[in-house]
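S.K.: Any chance you can model this:
(one chain, ligands or ions: 2)
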Amino acid sequence: MKILVTGGLGFIGSHTVVELLNQNYEVILVDNLYNSKLEVYENIKTITKKVPIFYQGDVCDPDFLEMIFERHKMDAIIHFAGYKAVGESVKKPLEYYENNLVSTINLCKMMKKYGCKNLVFSSSATVYGSPKELPIIEDFPLQTTNPYGTTKLVNEWILKDFHHSDPSFGIILLRYFNPIGAHESGLLGEDPNGIPNNLMPYILKVADGSLPKLNIFGNDYPTRDGTGVRDYIHVVDLAKGHLKAIEKILKEPIFDVYNLGTGKGYSVLEVVKAFEEANQIKIPYEIKERREGDVAECYADVSHAFEDLHFQAEKDLKQMCKDAYRYNQRKKERK
Ligand code: NAD
Ligand code: UFG
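M.R.: Ligands and ions are numbered 1, 2, ... in the order given. So this is what the prediction gives:
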């Protein structure tokens, strides 16, 4: 089975490529290196001892995509490529709409033209906005609060309409909760540029002394300890969820939506404590104002993915903290 992976050198894409190769899928990787580095390709080869085909280029470029579809008959696509920074999307909405929507539309056109029948799409829990109830079920009302979130929601609509227009196309939307952690080899992980926006990358910078302390955004939320609660999922578990989705969609051309999380929520203070215990490092922190746009609590009902895809996340928060730290240390040693 031949799978096209767009954004395959990114954080989640690279881990998924490793799992696909380990299960003997043939993988065609596409990435324009906007938010990744060529060394990730080398590391994928080192881990798997396999050589997937890699094309450097832009999924928004129809000629580039056409060249790939002419050369390879794909059984399915996993579409990770996109921009993902919430704050940046508020400042650069046009770039976000263009990259995140044109890429999907181009892929759908190629699917039609070349008879590739299956696509798995990276959506996000951000499409639930501020949930009225918890845990979050897939049929909850959808609502977005920033351009990034809106690109995810519009992508979901485009793909639903695409399936509706021809039900022989199978589409699975995966709504990720908060992926963290890294590959156990220490060779793949998350490597954001500059000062990180997200919690785990920020903690890592404090752990290695690049930043003095963690700013915790609010301790007056209606949660166990007042800090924000999220459903953190190990990126390797998340990657395995994609294989379950691929197995499902290769059997029948369904349209369906699945939450991928653990179903458990942890507060910011609980993550800090878990990180300190897992790695024997103190993380100094200071409580700051709430961050605009943050919700108090967000965690998934994971029963649909469990019952239908037989997917269940296995790695706990301590493992996520250990693996993330190991990657960060190895990355520093390699430099
Ligand atoms: P990432 O930025 O690490 O990976 C995305 C990859 O796509 C990068 O390697 C980038 O260079 C590439 N890319 C971007 N635009 C491209 C284009 N036009 N053509 C070719 N390559 C392009 O992000 P990630 O964390 O791995 O996320 C993957 C997907 O999952 C994204 O669509 C993201 O929005 C979504 N998602 C991520 C999270 C998260 O917290 N990481 C949560 C929910 C959803
Ligand atoms: N937090 C801090 N300090 C920081 C960073 C984060 O206290 O320096 C807190 C946040 O307030 C929140 C929690 O840590 O309570 C998690 O924040 P992240 O920024 O790591 O994650 P979010 O849940 O805000 O957002 C992430 C992705 C979005 C995605 C969303 C749902 O960044 O793109 O998960 O999938 F939409």
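S.K.: May I see the buried residues of stretch 170-185?
M.R.: 170-183 (16 or more other Cβ atoms under 10 Å). Yep, even glycine has a C-beta here, placed from its N, CA and C like the rest.
S.K.: First-to-last residue distance for it?
M.R.: Using Cα to Cα, to the nearest Å, the end-to-end distance of stretch 170-185 comes to 34 Å.
S.K.: Would you tell me whether it gets close to ligand 2?
M.R.: Yes: contact of stretch 170-185 with ligand 2 (Cβ under 6 Å from any ligand atom) involves 176-178.
S.K.: Surely residue 274 forms part of a helix?
M.R.: Yes: counting by DSSP: H, G, I helix; E, B strand; the rest coil, one finds residue 274 located in a helix.
S.K.: Check the gap between the spatially closest residue to it that is not a sequence neighbour and residue 178 for me.
M.R.: Closest residue to residue 274 apart from its sequence neighbours, by Cβ to Cβ, 6 or more residues apart in numbering: residue 317 at 4.6 Å. Per Cβ to Cβ, to the nearest Å, residue 317 is found 11 Å from residue 178.
S.K.: anything in contact with each of those two?
M.R.: Shared contacts of residue 317 and residue 178, defined by Cβ atoms under 8 Å, 6 or more residues apart in numbering, comprise residue 232.
S.K.: Neighbours of the nearest residue to residue 148 once chain neighbours are set aside, how many?
M.R.: Residue nearest to residue 148 in three dimensions, not counting chain neighbours: residue 89, with 3.6 Å by Cβ to Cβ, 6+ apart. As a burial measure, residue 89 scores 20 neighbours (other Cβ atoms under 10 Å).
S.K.: Could you name the helices and strands sitting against the strand or helix carrying residue 89?
M.R.: Secondary structure assigned from DSSP states H and E places residue 89 in helix 86-91. The helices and strands touching helix 86-91, judged by 3 or more Cβ pairs under 8 Å, 6 or more residues apart in numbering; DSSP states H and E, are helix 147-165.
S.K.: need the contact list for the closest residue to residue 284 other than its chain neighbours.
M.R.: Spatial nearest neighbour of residue 284, chain neighbours left out: residue 213 (4.2 Å); criterion: Cβ to Cβ, 6+ apart. Neighbouring residues of residue 213 by Cβ under 8 Å, 6+ apart: 206, 283-286.
S.K.: go with 6 Å
M.R.: 284-286 (Cβ atoms under 6 Å, 6 or more residues apart in numbering).
S.K.: ok, those residues vs ligand 2, which is closest?
M.R.: Of all the contacts of residue 213, ligand 2 sits closest to residue 285, with 8.3 Å by Cβ to the nearest ligand atom.
S.K.: Spell out which residues of this structure are next to ligand 2.
M.R.: Counting by Cβ under 6 Å from any ligand atom, the chain comes close to ligand 2 at 84, 86, 124-126, 176-178, 197-199, 202, 214-217, 228, 230, 268, 291, 294.
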